[in-house]
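[1] how would this look folded up:
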Amino acid sequence: MRKMFLHVKGGGKFIAALLLGVFINCISGKAQNVTVSEKTGSMICSQTSYEGGSTETGFGAGGFATWKHFQLPLTMTVSDLTDLSPNGQLAVHANNLYNAGVDKGIQLFGGTIRDGYMTLALPKGYRFTGYKIIVQNNVSTFGHGSKALNIQHTHNFYFGETTSAFDFKAGFYCDLQKNVSNTEYTVERTSMTPGDMGNILYFKIANHPSTHIRGHYVGVTLKYVELTFTPEAPFKISVAPQKEDQTGASVVQCAFATGKVDLGRISQNTYTGVTRQSYVYREVKDLLAQALFYEKASVDLNLPLDNRRAGSAMGNRSIKSVKSGQNYYFEIQPGQTYFAETPIGTVDQQQNEVPLHYRITAAKVNYAPNTGMPVRPYTLKVYDKTGKNATEINVTEAGSFNLTGLNNDAVKLEVVGGAGLVNLELTLEALDPYINHMELMCNHGDVRISREFVSSDFSVGGGVFYFYIPRDWLNTACNFHLRKSEK
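    This is a model prediction of the structure:
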């Protein structure tokens, strides 16, 4: 469990009736798996228009541009172009996915001018640890109706993992031959080091290993896609002002990119004479969240614990923003306690609430002498992970202090003797919402029974866990609890 200094930010409920909810701190392993199929996610099409008069043909054929998992923040996106957004995902979406039917897989398509490109992406804080993809070169027609597209098998097709520049990775792509066949080909890889996969995987379907043969569509069936991942993927965010501001504040928000895709408004759009429920690719953005820097005085401690939030009280408006050298700092005052904190949620472009779960694993606290008038030396107090013990720094020149070994939702600071200048760099990881193993205990007097729940694919709640007890225990007191996590 994260250390929380002021208020509870999240957690799960245990219902005695044994309906499974979301358990954040149950027993779970590091090797977590998820499958990509028409059963585990939904597909959405994009209204995409190309410059120069080229037509995006997948929209009219009934294709889709994005697949999103029902529960995990996992997305699969496809494109005719290699352009990437600032978060490393495909920028110009094309409707190159098609639902082939129940248990028949998802078809992946490529155009006549360029190859077909695909990304599988998780937000920051996660990383992939492996994948297994089984493909078939058995697609002759992509889509349905009068605008369905015919695929000519005059050249060998190739599918596999690529670099972010969409060049095939040696050893991780396969030659699917050129004839229509239900032969299965497997592409798989396991991460050998923490940094060799990241949170985005790149793939393509092509009709040549290195150069596209123009004038020919390409297509394959993704018969089976299994991914393994972990939330143990640290990333850094800045908690610092972006400009000078002498207006005092009690709470300051610091934006950072989450790596989650925000598709924007989904509505009826018409393109090539076809009207479909879709998003507009130009409106797709990287979902932003706000880290907080705030006074303890801005939290109303009279509220119930779950309702205590930064900004629930007026506070003392003691935070200003100043520039010292080439950097911006928060100017903070003696007699106050300050926190840098991770967000528990954000809102997308349509103002829908999006929950977020992070923990701070390390923090770099940067400080500088206060050169304002009058100049007064000060002592900076940086508290440890308990929030009780402080390291005191007599600030006479710019420097930094590193906190490591954290498992917190906030970092606590104070200054003594004069106004101080600080900003922070936080190292975050995603909190793990995945349950692949849970042990439930039932106590009846001195007798104890345990039962296990094991999941073979990603799932958070919605199921029923049956716990069988002796008949003579009915209508008597039974105490249920989860065995403490060992991770």
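
[2] What is the burial count for the residue lying closest to Gln246 once chain neighbours are set aside?
    In space, Gln246 comes closest to Lys320 once its chain neighbours are excluded; the distance is 5.5 Å by Cβ to Cβ, 6 or more residues apart in numbering. Yep, even glycine has a C-beta here, placed from its N, CA and C like the rest. Neighbourhood size, Lys320 [other Cβ atoms under 10 Å]: 21.

[3] and Lys320, what helix or strand is that in?
    Element membership for Lys320 (DSSP states H and E) is strand 319-324.

[4] I'd like the next helix or strand past that strand.
    Sequence order places strand 327-332 as the next helix or strand after strand 319-324, per DSSP H and E.

[5] Enumerate the positions of that following strand that are buried.
    Within strand 327-332, the residues that count as buried by 16 or more other Cβ atoms under 10 Å are 328-332.

[6] Asp80: what's it in contact with?
    By Cβ atoms under 8 Å, 6 or more residues apart in numbering, the contact set of Asp80 is 50, 56, 92, 94, 96, 110-111, 113-114, 116-117.

[7] Return the member of the residues you listed nearest to Ile344.
    Top of the list for closeness to Ile344, among those and by Cβ to Cβ, is Val92 at 33.0 Å.

[8] which stretches of the stretch 101-250 of the chain form helices?
    In the stretch 101-250 of the chain, no segments count as helices under DSSP state H, counting those that start in this stretch.

[9] got it, and the stretch 351-487 of the chain?
    For the stretch 351-487 of the chain, applying DSSP H, counting those that start in this stretch gives no helices.

[10] That one: strands as residue ranges?
    Secondary structure of the stretch 351-487 of the chain, counting by DSSP state E, counting those that start in this stretch: strands at 353-355, 358-368, 378-383, 390-395, 399-403, 410-416, 420-430, 437-444, 447-454, 479-482.

[11] can you tell which of those is closest to Ser312?
    Distances from Ser312 to each of the strands of the stretch 351-487 of the chain were compared using Cβ to Cβ; the minimum, 15.2 Å, belongs to strand 410-416.

[12] Send over stretch 238-256 as CSV, restricted to the C-alpha atoms.
    Taking only C-alpha atoms (Å, rounded to 0.1, in the frame of the first residue of the first chain), the coordinates of stretch 238-256 have been written out as CSV:
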residue,chain,number,x,y,z
SER,A,238,8.2,17.7,-13.7
VAL,A,239,6.4,19.5,-10.8
ALA,A,240,7.6,23.0,-11.5
PRO,A,241,6.0,26.3,-12.7
GLN,A,242,6.2,27.2,-16.4
LYS,A,243,6.3,31.0,-15.9
GLU,A,244,6.7,33.6,-13.2
ASP,A,245,3.6,34.5,-11.3
GLN,A,246,3.5,36.7,-8.2
THR,A,247,-0.2,36.0,-7.5
GLY,A,248,-0.3,33.7,-4.5
ALA,A,249,-1.9,30.3,-4.9
SER,A,250,-2.8,27.5,-2.5
VAL,A,251,-2.8,24.8,-5.2
VAL,A,252,-0.8,24.6,-8.4
GLN,A,253,-1.4,22.1,-11.2
CYS,A,254,1.4,20.8,-13.3
ALA,A,255,0.4,19.0,-16.5
PHE,A,256,2.0,15.9,-17.9
